[in-house]
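In: Based on what follows, work out the 3D shape:
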Amino acid sequence: MAAWRHGGMAARLGPMRARIKICCIASPDEARIAITAGADALGLVARMPSGPGPISDRAIAEVTALVPPPVATFLLTSETTADAISAHVRATAPSAVQIVSHIDPAGSGKLAALEPHVRRIQVIHVEGPEALQLIPAYDPCVHAFLLDSGRPNAPVAELGGNRPCA
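Out: Predicted coordinates for the structure are as follows:
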């Protein structure tokens, strides 16, 4: 399948297969159930300023250790600096990190240098049309973008996925 990049967005020729990421995985048992059901990726929510579903870094590491390739493990982190995100990745060993806060674009470049083997997904909180203007600043340093709900500038930040995990 041919692919090319244009204006910061990936485009593909031919049919695409839907990939399924199941978020708010809370235990090895839940991970096994999701994998058996055909999940392509598992979302592991770490400490957040608000919202449901966070689990400990220890629990995240337990899940990432048992998940076989090609199933991806996504660490959802609210850390906001390259060094802190890198430390979080090293403590939990995911195959991808979903950065749920808007970090400094220079920090995004530093993270790419610190963790080149980990896929980096930058969340863009869509509070209005101007949100898409953030994409070019991050584009050289991330593998993908995830457009999400959220209010990062609220008194208690809401970083997407703000519906209960139940």
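In: what about the residue nearest in space to the middle of the chain, is that helix, strand or coil?
Out: In the chain, the C-alpha nearest the mean C-alpha coordinate belongs to residue 98, at 1.7 Å (CA atoms, centre = their mean). Here residue 98 takes the strand state, with states given by DSSP: H, G, I helix; E, B strand; the rest coil.
In: can I assume it is in contact with residue 145?
Out: No: the criterion here is CB atoms under 8 Å, and residue 98 misses it with residue 145 at 10.4 Å. C-betas here are computed from N, CA, C, even on glycine.
In: what's the overlap in contacts for the two?
Out: Here residue 98 and residue 145 share the contacting residues 121, 123, scored by CB atoms under 8 Å, 6 or more residues apart in numbering.
In: circling back to that earlier point, pull the contacting residues for the residue nearest to the centre of the chain.
Out: 43, 74-77, 121, 123, 146.
In: same question, residue 147
Out: Contacts of residue 147 (CB under 8 Å, 6+ apart): 123-124, 126, 131.
In: do the same with residue 126
Out: 132, 147-149.
In: Any of those residues buried? List them.
Out: In the contacts of residue 126, burial by neighbour count holds for residue 148, counting by 16 or more other CB atoms under 10 Å.
In: of all the contacts of residue 126, which comes closest to residue 19?
Out: residue 147 (15.8 Å; CB to CB).
In: Let me know the pLDDT of that closest one.
Out: For residue 147, the model assigns a pLDDT of 86.
In: Helix, strand or coil: sort out it for me.
Out: Three-state call for residue 147 (three-state DSSP): strand.
In: who does it bridge with?
Out: In this entry, residue 147 is beta-bridged to residue 124, by DSSP bridges.
In: before we move on, what about residue 76?
Out: Taking DSSP bridges as the rule, residue 76 bridges to residue 45, residue 98.
In: in terms of contact, does it touch residue 100 like I think?
Out: Yes: in this structure, residue 76 is within contact of residue 100 by CB under 8 Å, at 5.6 Å.
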